[in-house]
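# predicted model follows, preceded by the sequence.
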Amino acid sequence: MAEILVLVDHVDGEVKKVTLELLTLARSLGEPSAVWAGPGYAADAKAKLAEYGAEKVYVADDADIADHVVAPKAELLAQLVGSASPAAVLIAASQEGKEIAGRLAVKTESGVITDAVGVDSDLTAELSIFGGGVNVKSRVKTGTPIIAIRPNSTAPEASQGAAAEERVTVSLSDSAKAARVVERVKQEKGARPELTEAAIVVSGGRGVGSADKFSVIEELADSLGAAVGASRAATDAGWYPHQFQVGQTGKTVSPQLYIAVGISGAIQHRAGMQTAKTIVAINKDSEAPIFELADYGVVGDLHTVTPQLTEEIKKRK
Amino acid sequence: MNIVVCVKQVPDTATERKLRPDDKTIDREAAEGVINEICEYAVEEALRLKEAHGGEVTVLTMGPSKATDTIRKALAMGADKAVHLVDDALHGSDGLQTSYALAQVLKKIGFDVVILGSESTDARMGTLAAMLAERLDAPQLSLANKVEIDGSTIRIQRLTDYGFDRVEASLPAVVSVVEKINEPRYPSFKGIMAAKKKPVETLSVADAEIDAAKVGLASAATEVVDFAVAPPRAAGTIVKDEGDGGVKVAEFLASKKFV
Ligand SMILES: Cc1cc2nc3c(=O)[nH]c(=O)nc-3n(C[C@H](O)[C@H](O)[C@H](O)COP(=O)(O)OP(=O)(O)OC[C@H]3O[C@@H](n4cnc5c(N)ncnc54)[C@H](O)[C@@H]3O)c2cc1C
Ligand SMILES: Cc1cc2nc3c(=O)[nH]c(=O)nc-3n(C[C@H](O)[C@H](O)[C@H](O)COP(=O)(O)OP(=O)(O)OC[C@H]3O[C@@H](n4cnc5c(N)ncnc54)[C@H](O)[C@@H]3O)c2cc1C
């Protein structure tokens, strides 16, 4: 069976859930080979990749790879596409993932599909475009199909793989090192599930009113084991860090449940959450466009409705 | 400094966007064409760099003839001139081909900085800056919420999943911006009038030394096989809070097994 390369998405040595989804998907397309790029590779990571079916793990863990923007990872993958002739390359459709996919496509003269929500066994990709309004099937005609997959599209299922380790040396070209990361600034925000991976997301908008009041959102999220998101109005106001922004220029989330609190539902916000399975809205304005999407909505003041909801959830546990 | 800003015309997101049943490409006639929102931020940043460092701002657009409206908008904001790559041969080009075509034009007109938006509202690939950097062998400074140029050094803040990276490179460079970077100016009446007289150079595929066999629908590396309009979402239940709104949501969540 042909190899399917899966680029591992990892933070601080930990394999992100989306990678397990991609490995699960890859098993239905061929033989998954995980590709580890950058420092942090250790036994735990290898075990995780094996558990979800990686037959091979290509490891290139030089620090250099992470010290430059995007290009080194594309270079590594291009080298592997050359040597392993995979049937496809799967990458998480994060902003960086899509950029890696783009550069890899140019390097290998291959077609690239971004933001797929599924891939059939013949490598036809499924997409949901125009804010969920149209479903599309696309395929790559030229080169090695490079497909960026939206997180939360496949349910991860364990199935032991051999995870045979193969060390890879990449000698990065000068152009791959052209954009140097000189400092990394982390703005952590608690130990909640990762926004794009969470099954439930609770987001707050301008209606929340202040950074302090975001505790109302956080408490609801914690009662549900959910991630916290925010509208642009809330991130621009500095109430919540930008990386929690949901929408056109923020994260695209497809959780089982999305709760929008004090968010009007502007088109740019909807672009990032419209494919959530179930949508709940709390907003004091009955005309707010978010209600057009909501499966359940309450017209009311979020400062009373939300804490009551949190209490009620705690009671029911 | 020679600043080129890539601007895309997209169907207005406020209207219903469609694919054409015949060749399965986006229907650019059905909806009004507007400037891709984030491209306005790219134009604004280009103008600010010019104001700080001197030079010229050139707008670059690949698109059908009606894309001139979008070009005029960018000129009205204050860009100096424009290059419009327009040719029927380009119809249906995918990301790989679009990046090739734009790179050919950029090689021809030259640049110190190319500025793009981080993502378009129609195809939403979010890859063009990365692809252009690859093709032009220039540093990729994408997803910037801050750009600074100091002599031949360019520094950005690149937004990441955990915060941001400070990134540094030498010019020439390819930059993409997010909407947090600035507040785009409104074209003034004077600006709108002046834009009518600013030079817009039209390039065909041949003019830009683009191999016609490498662009357009027939030779695209990707293909839309099939599409269907998604069934509309079933209308939800909207209730007014009568003091028990939170309890009601909890009941709904329980009925869906979330609690
Ligand atoms: C290029 C570009 C990119 C963008 N990208 C994004 C993006 O990625 N994500 C994003 O979210 N936006 C994005 N936007 C911004 C978007 O257009 C909206 O401005 C933004 O989503 C509004 O946020 P909001 O809903 O929180 O605020 P508002 O639109 O101001 O809505 C606040 C809502 O809260 C309600 N409210 C107020 N007080 C209460 C209360 N006490 N109880 C209950 N309800 C209350 C109000 O009725 C209102 O509906 C982008 C815009 C541009 C131009
Ligand atoms: C719904 C839909 C889905 C598509 N999916 C795919 C796909 O999966 N794979 C694929 O290869 N192609 C795809 N395409 C084709 C794609 O539209 C074009 O290749 C497009 O030119 C590049 O994609 P983008 O606009 O998403 O670029 P993005 O990378 O999102 O655009 C970022 C920036 O690039 C600049 N830019 C983009 N296009 C132009 C232009 N024509 N002129 C000047 N500047 C520009 C702008 O500054 C813009 O802000 C799709 C098209 C549609 C309509």
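Cool, the structure landed. Ligands and ions are numbered 1, 2, ... in the order given.
# quick one: contacts for residue 114?
If you meant another chain, say so; for now it's chain A. Residues near A:Thr114 by CB atoms under 8 Å, 6 or more residues apart in numbering or on different chains: A:Ala93, A:Lys98, A:Ala101, A:Gly102, A:Ala148, B:Gly95, B:Arg124, B:Met125, B:Gly126, B:Thr127. No exception for glycine: its C-beta is placed from N, CA and C like everyone else's.
# think we crossed wires, I meant chain B
Per CB under 8 Å, 6+ apart, neighbours of B:Val114: B:Val4, B:Val5, B:Cys6, B:Leu106, B:Leu132, B:Leu136, B:Ala138, B:Pro172, B:Ala173, B:Val174, B:Val175.
# follow-up on the earlier one: from the contacts of A:Thr114, which land in helices?
A:Lys98, A:Ala101, A:Gly102, B:Gly95 (DSSP state H).
# looking at those residues, which is nearest ligand 1?
A:Lys98 (15.2 Å; CB to the nearest ligand atom).
# okay, the closest one: pLDDT?
What the model reports as pLDDT for A:Lys98 is 98.
# try the one 3 residues further on
Note for A:Ala101: predicted pLDDT of 98.
# how many residues are close by it?
By other CB atoms under 10 Å in any protein chain shown, 33 other residues sit near A:Ala101.
# stretch A:218-231 spans what distance, first to last residue?
14 Å (CA to CA, to the nearest Å).
# avg pLDDT for it?
97.
# re earlier: and ligand 2, which of the contacts of B:Val114 contact it?
Among the contacts of B:Val114, proximity to ligand 2 is found for B:Cys6 (CB under 6 Å from any ligand atom).
# so which of the contacts of B:Val114 also contact chain A?
B:Ala138, B:Ala173 (CB under 8 Å from any CB of the partner chain).
# right, and A:Cys258 touches A:Gly272 too?
Small correction: residue A:258 is Tyr, not Cys. No: counting by CB atoms under 8 Å, A:Tyr258 does not reach A:Gly272; the two are 9.7 Å apart.
# give the ChimeraX command for selecting the buried subset of the contacts of B:Val114.
In ChimeraX, this line selects whichever of the contacts of B:Val114 come out buried by 16 or more other CB atoms under 10 Å in any protein chain shown:
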select /B:4,5,6,106,132,136,138,172,173,174,175
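# would you turn the contacts of B:Val114 into CSV with pLDDT and secondary structure?
Shown next, in CSV, are the contacts of B:Val114 (pLDDT from 0 to 100; DSSP: H, G, I helix; E, B strand; the rest coil):
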residue, pLDDT, secondary structure
B:Val4, 98, strand
B:Val5, 98, strand
B:Cys6, 98, strand
B:Leu106, 98, helix
B:Leu132, 98, helix
B:Leu136, 98, helix
B:Ala138, 98, coil
B:Pro172, 98, coil
B:Ala173, 98, strand
B:Val174, 98, strand
B:Val175, 98, strand
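# not counting its own residues, what contacts stretch A:265-273?
A:131, A:201, A:203, A:205, A:229, A:231-232, A:245-253, A:258, A:260, A:263, A:279, A:281, A:288-293, B:13-14, B:37, B:121, B:124.
# which of those residues are close to ligand 1?
Checking these against ligand 1 (CB under 6 Å from any ligand atom), the matches are A:Gly205, A:Ser231, A:Arg232, A:Gln245, A:Val246, A:Gly247, A:Gln248, A:Thr249, A:Gly250, A:Ile263, A:Ala288, B:Glu37.
# so which of those belong to helices?
Using DSSP H, those in helices are A:Arg232, B:Glu37.
# neighbour count added to the ones next to ligand 1 among the contacts of stretch A:265-273, as a markdown table?
Putting these into a markdown table (neighbours: other CB atoms under 10 Å in any protein chain shown) gives the following:
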| residue | neighbour count |
| --- | --- |
| A:Gly205 | 29 |
| A:Ser231 | 33 |
| A:Arg232 | 23 |
| A:Gln245 | 28 |
| A:Val246 | 32 |
| A:Gly247 | 25 |
| A:Gln248 | 24 |
| A:Thr249 | 26 |
| A:Gly250 | 27 |
| A:Ile263 | 31 |
| A:Ala288 | 22 |
| B:Glu37 | 19 |
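# and the ones next to ligand 1 among the contacts of stretch A:265-273, which is closest to ligand 2?
B:Glu37 (8.8 Å).
# now do the closest one, the pLDDT please.
As predicted, B:Glu37 sits at a pLDDT of 96.
# count of residues packed around residue 145?
Let's take chain A. A:Pro145: 27 surrounding residues under other CB under 10 Å.
# other chain: chain B
Using other CB under 10 Å, B:Asn145 has 18 neighbouring residues.
# mind checking the SS state of it?
strand (DSSP: H, G, I helix; E, B strand; the rest coil).
# in three-state terms, label the residue nearest to it when sequence neighbours are not counted for me.
For B:Asn145, ignoring the flanking residues on the chain, the nearest one in space by CB to CB, 6 or more residues apart in numbering or on different chains is B:Lys180 at 4.3 Å. When classified by three-state DSSP, B:Lys180 comes out as coil.
# ok, now B:Ser93?
Strictly by three-state DSSP, B:Ser93 counts as coil.
# the one 5 residues further on too?
When classified by three-state DSSP, B:Thr98 comes out as helix.
# which residue ranges of the stretch 1-150 of chain A form strands?
A:3-7, A:10-11, A:14-15, A:31-37, A:56-60, A:88-92, A:112-119, A:125-129, A:134-140, A:146-149 (DSSP state E, counting those that start in this stretch).
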